[in-house]
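Colleague: Task: produce atomic coordinates for the following.
(2 chains)
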Amino acid sequence: MSKKSKKKQENLEPVYRKKLIKRRKPNRSIIGDLFLYLFLLMVAVVMAFPLIYAVSSALKPLDELFKFPPKILAQNPTFDNFSDLFVTMGKSWVTFSRYLFNTVFITFVGTFGHLLVASMGAFVLAKYDFPGNQTFFKLVTVAMMFTGYVTQIPNYLILNKLGWIDTYWSIIIPAFASPMGLFLMKQFMEGLPTSLIEAAKIDGASEWRVFSGIVMPNVKPAWMTLIIFSVQGLWNNKAATFIYSEQKKTLVYAMQQIQSGGIARTGQGAAVLVVLMIVPIAIFIFSESQILETMASSGLKD
Amino acid sequence: MGNYIRKYFILRKHNLQVAWKKAKRSKMCYLFLLPYALLFTLFFVAPVVISIFYGFTYYNILEKPRFIGLQNYISLILDDDIFLIGLKNTLMIAVITGPLGYIMSFLFAWLINELPRWVRSVAVVVFYAPSIAGNCYVIFSVFFRGDAYGYVNAFLMNIGIIDTPVLWFINPDYMLPICMLVILWMSLGTGFLSFVAGLQGVDRSQFEAGYMDGVKNRWQELWYITLPNMRPMLMFGAVMSITQAFGVCDVTMALCGYPSTDYAARTIVTHLFDYGFTRFEMGYACAIATILFLMMILCNKAIQSLLRRVGT
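Modeller: Take a look at the predicted model:
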């Protein structure tokens, strides 16, 4: 190293270290940072407001709901609206708990199956080289480029042929094949060291053993990601196009029924909204760091 | 010449034989992929093929499909005024909310990235929550209620901008802009998460190197270091944004009604539902689906080739 550059480095070093300690990056001005934080705070309030409003409406007793001008936060929060859901709708032909059960069942089975099926596919796509591997994965990426709405009509015809219309399976089984889950899982599995798998193979482990005993425990962050995307899709599934029977319909449908019930049902409507939004958000909060770890490998390479 | 062709075919045959041998050896792989591949083919590949096929027929489920050539497409474009409204609305929503949502996703992800660790995780939850909060957007129908008790109306009347309440979801002038607002509120979705994760993964030493090389402010840092590093995530985010922007229907159906006044909030997808599930004109609906499919794929391909040039 020449003398000159050495000297330059010595000059830089203390300054740089000090900045590291203060955890500030070199190219930032304090005013700029302050301005940005303020801006972010404002946007965050705007983003959160409708959600907060929904939660507080669900907690408001009846007299507060119709106060004008409205208070953003409930003064005397109660859980009456939630218990009303079970009480008033407990007497209706299809009870609220039935809608809840339908949604939970669809979400649970659909997510579990999706996780298993997509992981198995992703495992071989990521770690083995076989003819058709690349082509199939490309096809999956193309499938991410169009929405489910494109396939909804033909899916109806297919499900009709299979005789699954008006059963839970019409929602659950197609959810197994969601391209997004396979894509994310495969991208994440590619980051696993191949030596891990080879070592197990030398020890004589079968493919299934490698998959269930070594690969799956090592990709737990990706599980959470698949789970959140699948839950988000299924928990909010209206299911009205493939399911006709009232007793098989889902929460979202119940919500629409309640909301069309008019002003007297405002509180209960808000309560259902909260039930609908709390589950995906809670899962996300609990697994945020794992999900972000998975999303780091989500990039589409050309 | 003939020699070349023969050699080409011999080579082809050889390649196929090698592939066949490899395929035979990797039976296990196919077995693992089989469940997914089967379902994927059944619910994602076959529907596209079916919808292209039925697009050329008249089919109402009860009768056998009857081949009518391009008639569906011709009537869609020449006779169906409502489809054209839907097409216009979809394009408008896509052109405005697509890029805006995409830029917002990146911008906020980038700004959040600067925050201390715990603030960042809270911020990610706050920004991402609306897109996974399911049907929470219906709460906007409370804010924008059409009478004087709707909050927006009351607010605007109090400060004297309007003197009679505006029927936000019935007056065609306001429907689309409000829907777009709601869509933008929900647009920090999967792409946003991918950006946040990608930004955390950018190699720190590159910034230090850039600092030495005279990168002066955060904007230069963004263009010369961050963006080129983020290209794969940018591609992924674009796919998410486009797919979402063209598929708008839930928000417009929930807020403006279905059908909406004067069809002012009709999108291609609601038109599709109308013909598919209300009128059971499956052939016509399949033609609409095919058009939507082509629009999405073409738009995705175009944007991807554009994004390949970022930072180069």
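
Colleague: any low-confidence regions in chain A?
Modeller: A:1-27, A:68-69, A:90, A:262-263, A:302 (pLDDT under 70).

Colleague: And the residue of the stretch 201-312 of chain B that's closest to chain A?
Modeller: Residue of the stretch 201-312 of chain B nearest chain A, by Cβ to the nearest Cβ: residue B:232 (2.3 Å). Any C-beta I mention is one placed from the backbone N, CA and C, and that applies to glycine too.

Colleague: Give me the neighbour count for the residue of chain A found nearest chain B.
Modeller: Minimum separation of chain A from chain B (Cβ to the nearest Cβ) falls at residue A:299, amounting to 2.3 Å. The local packing of residue A:299 (other Cβ atoms under 10 Å in any protein chain shown) involves 20 other residues.

Colleague: Spatially nearest residue to the residue positioned nearest the centre of chain B, not counting backbone neighbours?
Modeller: The residue lying closest to the centre of chain B (Cα atoms, centre = their mean) is residue B:243, at 1.7 Å. Leaving aside its sequence neighbours, residue B:243 sits nearest to residue A:147 (Cβ to Cβ, 6 or more residues apart in numbering or on different chains; 5.3 Å).

Colleague: Longest helix in chain B, please.
Modeller: If you go by DSSP state H, chain B has its longest helix at helix B:81-112.

Colleague: what about it and chain A, any contact?
Modeller: Yes - contact of helix B:81-112 with chain A (Cβ under 8 Å from any Cβ of the partner chain) involves B:108, B:111, B:112.

Colleague: Contacts made by stretch B:131-145 with the rest, please.
Modeller: A:50-51, A:53-54, A:57, A:228, A:232, A:235-236, A:252, A:255, A:259, A:270, A:273, A:276-277, A:280-281, A:284, B:130, B:150-153, B:168-169, B:178, B:182, B:185-190, B:192, B:250-251, B:254-255 (Cβ atoms under 8 Å, 6 or more residues apart in numbering or on different chains).

Colleague: can you check stretch A:192-204 too?
Modeller: Under Cβ under 8 Å, 6+ apart, the answer for stretch A:192-204 is A:126, A:127, A:209, A:210, A:213, A:214, A:215, A:218, A:219.

Colleague: And the helices in the stretch 151-300 of chain A?
Modeller: Here the stretch 151-300 of chain A has its helices, by DSSP state H, counting those that start in this stretch, at A:169-176, A:179-190, A:194-202, A:207-209, A:216-218, A:220-235, A:251-259, A:266-286, A:288-295.

Colleague: Point me to the helix or strand that includes the closest residue in space to residue B:231 that isn't next to it in sequence.
Modeller: Once flanking residues are discounted, residue B:231 sits nearest to residue B:310: 5.9 Å by Cβ to Cβ, 6+ apart. Of the helices and strands defined by DSSP states H and E, none includes residue B:310.

Colleague: just checking, residue A:73 is part of a strand?
Modeller: No - looking at residue A:73 with DSSP: H, G, I helix; E, B strand; the rest coil, it is coil, so not inside a strand.

Colleague: Contacts only, for it.
Modeller: Per Cβ under 8 Å, 6+ apart, neighbours of residue A:73: residue A:56.

Colleague: make it 10 Å
Modeller: A:52, A:53, A:55, A:56, A:59, A:60, A:64 (Cβ atoms under 10 Å, 6 or more residues apart in numbering or on different chains).

Colleague: same check, this time on residue B:23
Modeller: A:130, A:131, A:132, B:29, B:30.

Colleague: Nearest to residue B:95 among these?
Modeller: The shortest approach to residue B:95 among those belongs to residue A:132, at 37.6 Å (Cβ to Cβ).

Colleague: before we move on, the earlier item: any idea which helix or strand carries the residue nearest to the centre of chain B?
Modeller: Counting by DSSP H and E, residue B:243 is part of helix B:231-246.
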